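# 3D model of this:
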Amino acid sequence: MRSNEHSMRVAGDEERTEPTPEEMILTEAKKRWREFFNTHEKTIGAYLGTTGIPFSFEPGGWYIDLKKIRVNADPEFFIGRGFSESEALFATFHEAEHFRDMISDPDAYEVLFDRIDAINGPHPAYNKALSRLYNCLDDVLVNRVVMNRWKAGSRAKETLYHKLFPNTDFRGQPRHRQLMYAILREAMLPNEPCQIDQDVRKALSDWQARGGRNRSIDILTSVDPRGNATFDPQNRFFRIRQTLEPIFKAFYEQDLVDRRQQEDKENKLGGKPQKSGDGDPFGKDPNQDTIPDPLDFKDAAEEIKKLNDRISQVKKNKFEQVMGVSQEDFDAYKKDFLIVAPFVNELSEVFRRVIQKRKEYRRVLRRSVKEGPMLDPRRAATAVAEIRAGNLEPRVMLGPEKRETIRNRPNRIELTLVCDGSGSMNEAAKKQAQRCFAVLAMEGFAKFRDEVERERRAGQNIVLDILSGLRIFGDNDEVVKPLSKSLSHQDRVSFRKKLSAEFNQGNNEPKTFAAIEQDEFTPDSIAAMRRGDLKKIIVFLTDGESDSGAIQNCIRNLENLARDPKTGVCNLVIAGIGFAGGESAKNTYAPNGYFAENLGAMPKIFIEFLSSILEDV
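Numbers count the residues shown, from 1 in each chain. Below is the predicted model of the structure:
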C-alpha cells in the first residue's frame, strides 16, 4: 500500500510544477534556520558546549534521542512564533538549561511530579496550577543561568520579557495567578513593580523578606560564578514546598470561595455562570501560553532519566577505558583515601626532609657584592674607574654563595607492607583501619617518588629510587602488589578489593617471612644493603597473638642476611604494629614493636616510626 501511494505521489508531482503551501512553509522554515544558524553558529556552539548535555541544533523539533544520546534543540520553534533572533537564542538556551537542571537530578523531578499528581487538592485543576508555580520559579533560575553564561543574555531577556508580559497589571486575575506571575515578571524586570491585589502584595513581600538582606527569590534561584544553580533541584523544591506552596494553596482556596460566591450571585440574577475552560474553575489563563514550551517536561521526565542513565554509562565506560578501572571501584578507593589524606600530607613532610638532607650546602666566596669580606682581585683594576665615573658603590667585593653537594647513599628505599589476613580481621572497623593504613603507606611512598622526580626535573642530581609492595599473611603468603617503583590505578583498586574481602585463614607469619626472603632478598639486594645502597623496611600489621619465638627467629635471619659482616651495620628494619587485640606485637616485633590504643592511632605510629628510621638517610 505504501509503495502504491509513493508511486502515485511521484506521478502527481510530475504533473504539477507549483509546490504545495505546506512545502513552501517547510522550505522557508529551513531557509530561515540555515540563515539563523550561520549567523549564530559560534554563539550556539560555545553555549551548548558548556551545558554538560550532548545537544544537536537542527530543524525538526525538540526531541530526546536516546540512541544518539542527545537532545535536539530547534530554534525554529521560537522564530516561528515571532521571536527575534536574540530572543530565540535566549529561549533556546532557556530550554537547554531546563534540560540540564532536570538531568542533574532526574529523580528529584520525578518525585516532584509524582507528589503533585498525588495531591488531593481543593480542586482537580489545582495540581496543574501548582505545577505552573514550580515552572515559573524554575524559569527564574534558568534565566539567571543563561544570563551568567551568555554575555548578551541580559539584553535579550529585557526585550523578551517585555514582549511576553507587556502589562504590569495582574489585578482581576485570581490571586494565585497574580502571585506566581508577579514573582516571575518582577524577578526578570525588577525595575517595574507589578500591580497586584493588596493581600497578594503583602503575602509576596512577607515571603521575600524571609531571605533577610536578600530576597527569597534571589536566594532560591542564585547562581554561582561558574553558572551553576546554588541549590540542587531536591533542595530547591523542598524550600518551595515549605515556604511558598502553602501561600499559593491558601490563595487558590480563597479564589475558589470567591468564584463560588460569584457563581451563586449570577445564578440568583438569572445569568449564565462563566464556563471554565479545560476544567479550570477560573477559566483560561491569559498567560498560559506566554512562554511556549517545546516539550512537556513532565512527559519528558522519564525519557530524560533514561538519557541521564545512558550518559552516565557512557562516562563510566570512558572512565574505565582511560583509567583502566571502573568508576565505582575508583570512587570506593577515593573514599578510603580521603580518610587518610591529612596523614599522607604529614608523611610527605617526612620524605621532603629526607630529600633536603641529601643536599648539603657549602659556602664559597664567589658572588660579586657591594660589601663583603674580601676584595675581588679581578675587579680591583676597574674599581677606581667606576668610582670616578660616578658609581660610588661598585660591586668589587666577594660575598658567600651556597653550593650544593648531593649525597647519594642510600640510593634505594624499599617498603614491604604485610597485612593481616586471619579470620579475626572480618570485623568491619578492623578491615577499614587496615585498608586505610595500606592506602596511607602506598600513597605516601608514591608521593615520595613524585617529590624525587620533581627535584630531578628541576635539575637536581638526586639518585634515589623508591619502591613499595604489599602482601597478606594467613595460612599462606599472598602478594597483592609486587615490590615496584609504580602505583597504578589497577594496583590501588586491586589491593583495596583484597583487603575488603572475607578472611578465613589462620596466622602463619613465618611463611610470609620465607616468601619475602625468596622474592626480595636476592644476592644483589643483600649486597646493596650491606654496602649501604639499599634501606629496606618491612612492616607487619596484626590484630592478635602470634608465635613470638618463630617471628623473632625470622627477624634475626633476615637481619643477618642484611648486616655488613665487617661493620655490623644493618640497613634492614622490621617492625610490627598491633591494633585491636594485637598488643603482643610490642614484644613479638621488639625492638620495633608498637601497639595502637585505638584504630585512629595507627597512622601516627607509622609516621613517627618512618621519621625515626629515616634520620640517617
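# Now do the helices for the stretch 401-550 of the chain: every range, in order, please.
428-457, 489-500, 509-520, 523-531, 548-562 (DSSP state H, counting those that start in this stretch).
# what is the rounded mean pLDDT of the fourth one?
Right, the one you point to is helix 523-531. Helix 523-531 shows a mean pLDDT of 96 in the predicted model.
# contacts for that helix?
Where contact means Cβ atoms under 8 Å, 6 or more residues apart in numbering, the residues beyond helix 523-531 that reach it are Arg412, Leu534, Lys535, Lys536, Leu561, Ala562, Arg563, Asp564, Pro565, Cys570, Asn571, Leu572. C-beta coordinates here come from the backbone N, C-alpha and C atoms, glycine included.
# Could you report the neighbour count for the fifth one?
By the measure other Cβ atoms under 10 Å, the count of residues near Leu561 is 15.
# residue contacts, it?
Glu517, Phe521, Ile526, Met529, Leu572.
# Give me the buried subset of those.
Buried positions within those, assessed by neighbour count (16 or more other Cβ atoms under 10 Å), are Phe521, Ile526, Met529, Leu572.
# Any chance of TSV for these, columns distance to Ile551?
Below are the buried ones among the contacts of Leu561 laid out as TSV (distance: Cβ to Cβ, whole Å):
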residue	distance to Ile551
Phe521	17
Ile526	21
Met529	20
Leu572	15
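# Can you tell me which of these is closest to Tyr252?
Leu572 (80.6 Å; Cβ to Cβ).
# What backbone torsions are found at the closest one?
Listed backbone geometry of Leu572 is phi -120, psi 130, with angles given as degrees, to the nearest 10.
# Same question for the one 5 residues further on.
Recorded main-chain torsions at Ile577 are phi -120, psi 110, according to degrees, to the nearest 10.
# hey, where'd the strands end up in this structure?
Along the chain, counting by DSSP state E, strands occupy 55-56, 63-65, 70-72, 359-369, 374-375, 397-406, 412-420, 465-473, 477-484, 534-542, 572-578, 593-595.
# least reliable of those going by mean pLDDT?
Looking at those, the bottom one is strand 359-369 with a mean of 53.
# Touching stretch 135-145 from outside, list them.
Under Cβ under 8 Å, 6+ apart, the answer for stretch 135-145 is 94, 97-98, 100-101, 153, 157, 180-181, 183-184, 187-188, 217, 220-223, 227-229, 236, 240, 244, 291, 297.
# Verify the stated contact: Lys485 with Ile466.
Yes - counting by Cβ atoms under 8 Å, Ile466 is a contact partner of Lys485 at 6.7 Å.
# what number of residues lie near Trp589?
Residue 589: Tyr, not Trp. By other Cβ under 10 Å, the residues close to Tyr589 number 25.
# now Glu453
Neighbourhood size, Glu453 [other Cβ under 10 Å]: 12.
# so how far is Val344 from it?
Per Cβ to Cβ, to the nearest Å, Glu453 is found 17 Å from Val344.
# and what of Glu245?
On the measure of Cβ to Cβ, Glu245 and Val344 end up 47 Å apart.
# ditto for Asn598
20 Å.
# Name the residue in those two with the higher neighbour count.
It is Val344, of Asn598 and Val344, that has more neighbours when counted by other Cβ under 10 Å, with 19 against 9.
# right, and that one touches Glu443 too?
Yes - using Cβ under 8 Å, Val344 is in contact with Glu443, at 5.1 Å.
# Quick check: neighbours shared by those two?
Contact criterion Cβ under 8 Å, 6+ apart; residues bridging Val344 and Glu443 by contacting each: Phe337.
# Pull out the buried residues from the contacts of stretch 135-145.
Members of the contacts of stretch 135-145 classed as buried by 16+ other Cβ under 10 Å are 94, 97-98, 100-101, 153, 157, 180-181, 183-184, 187-188, 217, 220-221, 223, 227, 229, 236, 240, 244, 291, 297.
# Convert the C-alpha atoms of stretch 332-345 to CSV, please.
Provided in CSV are the C-alpha atoms of stretch 332-345 (Å, rounded to 0.1, in the frame of the first residue of the first chain):
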residue,chain,number,x,y,z
ALA,A,332,35.5,3.4,46.6
TYR,A,333,39.3,3.7,46.8
LYS,A,334,39.0,7.5,46.8
LYS,A,335,36.6,7.3,49.8
ASP,A,336,39.3,5.5,51.8
PHE,A,337,42.0,7.9,50.6
LEU,A,338,40.1,10.9,51.8
ILE,A,339,40.0,9.4,55.3
VAL,A,340,43.9,9.3,55.4
ALA,A,341,44.6,12.3,53.1
PRO,A,342,45.8,14.5,56.0
PHE,A,343,48.2,11.8,57.2
VAL,A,344,49.5,11.4,53.6
ASN,A,345,50.4,15.0,53.6
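# List the buried residues in that stretch.
Ala332, Tyr333, Asp336, Phe337, Ile339, Val340, Phe343, Val344.
# if we look at it, which residues are touching it?
Here stretch 332-345 makes contact (Cβ under 8 Å, 6+ apart) with 432, 435-437, 439-440, 443-444, 447, 492-493, 496, 603-604, 607.
# what about Val140, distance to Thr20?
Relative to Thr20, and taking Cβ to Cβ, Val140 is found at 43 Å.
# Looking at those two, which is more packed in?
Each of Val140 and Thr20 has its neighbours counted (other Cβ under 10 Å); Val140 has more, 19 against 10.
# want to try JSON lines for the buried residues of stretch 332-345, with distance to Ile551 and pLDDT as columns?
Shown next, in JSON lines, are the buried residues of stretch 332-345 (distance: Cβ to Cβ, whole Å; pLDDT from 0 to 100):
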{"residue": "Ala332", "distance to Ile551": "33", "pLDDT": "92"}
{"residue": "Tyr333", "distance to Ile551": "31", "pLDDT": "94"}
{"residue": "Asp336", "distance to Ile551": "28", "pLDDT": "93"}
{"residue": "Phe337", "distance to Ile551": "31", "pLDDT": "93"}
{"residue": "Ile339", "distance to Ile551": "30", "pLDDT": "91"}
{"residue": "Val340", "distance to Ile551": "27", "pLDDT": "91"}
{"residue": "Phe343", "distance to Ile551": "27", "pLDDT": "92"}
{"residue": "Val344", "distance to Ile551": "29", "pLDDT": "91"}
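# Next up, the contacts around the closest residue in space to Thr230 that isn't next to it in sequence.
Excluding the flanking residues, the one nearest Thr230 by Cβ to Cβ, 6 or more residues apart in numbering is Ser222, at 4.3 Å. Taking Cβ under 8 Å, 6+ apart, we find Ser222 in contact with Arg144, Ala229, Thr230, Phe231.
# Please determine how far Lys128 is located from Pro603.
Taking Cβ to Cβ as the measure, Lys128 and Pro603 are separated by 58 Å.
# Which of the two has more residues huddled nearby?
The residue with more neighbours, out of Lys128 and Pro603, is Pro603; 23 against 16, by other Cβ under 10 Å.
# Touching, that one and Leu440? I think so.
Yes - with contact defined as Cβ under 8 Å, Pro603 reaches Leu440; the gap is 5.5 Å.
# Distance from the chain centre to stretch 593-602, please.
Relative to its parent chain, stretch 593-602 has a centroid offset of 33 Å by Cα atoms, centre = their mean, to the nearest Å.
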